[in-house]
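[1] Predicted coordinates and the sequence they were generated for:
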Amino acid sequence: VQLVESGGGLVQPGGSLRLSCAASGFPFSSYVMSWPRHAPGKERELVAIFFSAGGSTNYADSVKAGFTASRDNPKNTVYLQMNSLKPEDTAVYFCKAESKGWVPIVYWGQGTQVTVSS
């Protein structure tokens with residue numbers, strides 16, 4: 001099983017980044033996919049979550065205005081388009097996959113650093 005994030009980096013305030021997460025080794029389309037982030041000294045925050053292919057996507061209130069998440073099931077990939085980035089968006093962004101059911105199976109990517117700074 002692999003979840004490989006890419007697309008992080010250093011960007012100025014107001015800039016944009018697009019994160020990708022390529023998944024393999026599990027039935028991607030049946031898993032709930034999400035993008036949690038973790039900043040030093042802060043609680044882990046769930047940025048976006050897709051409940052199913054073609055279903056709803058929920059966002060944290062702090063990112064609703066600028067972030068758009070999407071998933072491409074044929075490509076086993078999820079994306080996070082981040083616009084109007086702010087310094088408080090600085091964090092390690094993870095890709096997470098979770099199966100449905102009584103005892104969910106959870107997979108995490110290695111994380112990608114996003115730094116918003118001038």
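    Happy to help now that I have it.
[2] Neighbours of V11, how many?
    For V11, the neighbour count with other CB atoms under 10 Å is 18. Any C-beta I mention is one placed from the backbone N, CA and C, and that applies to glycine too.
[3] Report the beta-bridge partner residues of it.
    With DSSP bridges applied, V11 shows beta-bridge pairing to V116.
[4] Next up, the contacts around it.
    Going by CB atoms under 8 Å, 6 or more residues apart in numbering, V11 touches 17, 85, 114-116.
[5] Kindly report the same for V92.
    By CB under 8 Å, 6+ apart, the residues touching V92 are 37-39, 111-114.
[6] coming back round to it: L3: which of the contacts of V11 is nearest?
    Among those, V114 lies closest to L3 (CB to CB), at 16.6 Å.
[7] Kindly reformat the contacts of V11 as CSV containing neighbour count and distance to G8.
    Formatted as CSV, the contacts of V11 follow (neighbours: other CB atoms under 10 Å; distance: CB to CB, whole Å):
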residue, neighbour count, distance to G8
L17, 20, 7
L85, 22, 11
V114, 22, 5
T115, 15, 8
V116, 19, 11
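[8] Which one of those is nearest to E45?
    Of all the contacts of V11, V114 has the smallest distance to E45: 12.6 Å, by CB to CB.
[9] which residues does the closest one contact?
    Listed by CB under 8 Å, 6+ apart, the contact partners of V114 are 8-9, 11, 17, 19, 37, 82, 85, 89-93.
[10] Can you give the contact residues for the lowest-mean-pLDDT helix or strand in the chain?
    Counting by mean pLDDT, DSSP states H and E, the chain has its least confident helix or strand at strand 57-59, which shows a mean of 88. Contacts with strand 57-59, where a contact means CB under 8 Å, 6+ apart, come from 47-51, 67, 69-70.
[11] Beyond it, next helix or strand please.
    Downstream of strand 57-59, the first helix or strand assigned by DSSP states H and E is strand 67-72.
[12] can you pull the buried residues of that following strand?
    Buried residues in strand 67-72, counted by 16 or more other CB atoms under 10 Å: 67, 69, 71.
[13] circling back: for V78, state which of the contacts of V11 is nearest.
    Nearest to V78 among the contacts of V11, with distances taken as CB to CB, is L17, at 14.6 Å.
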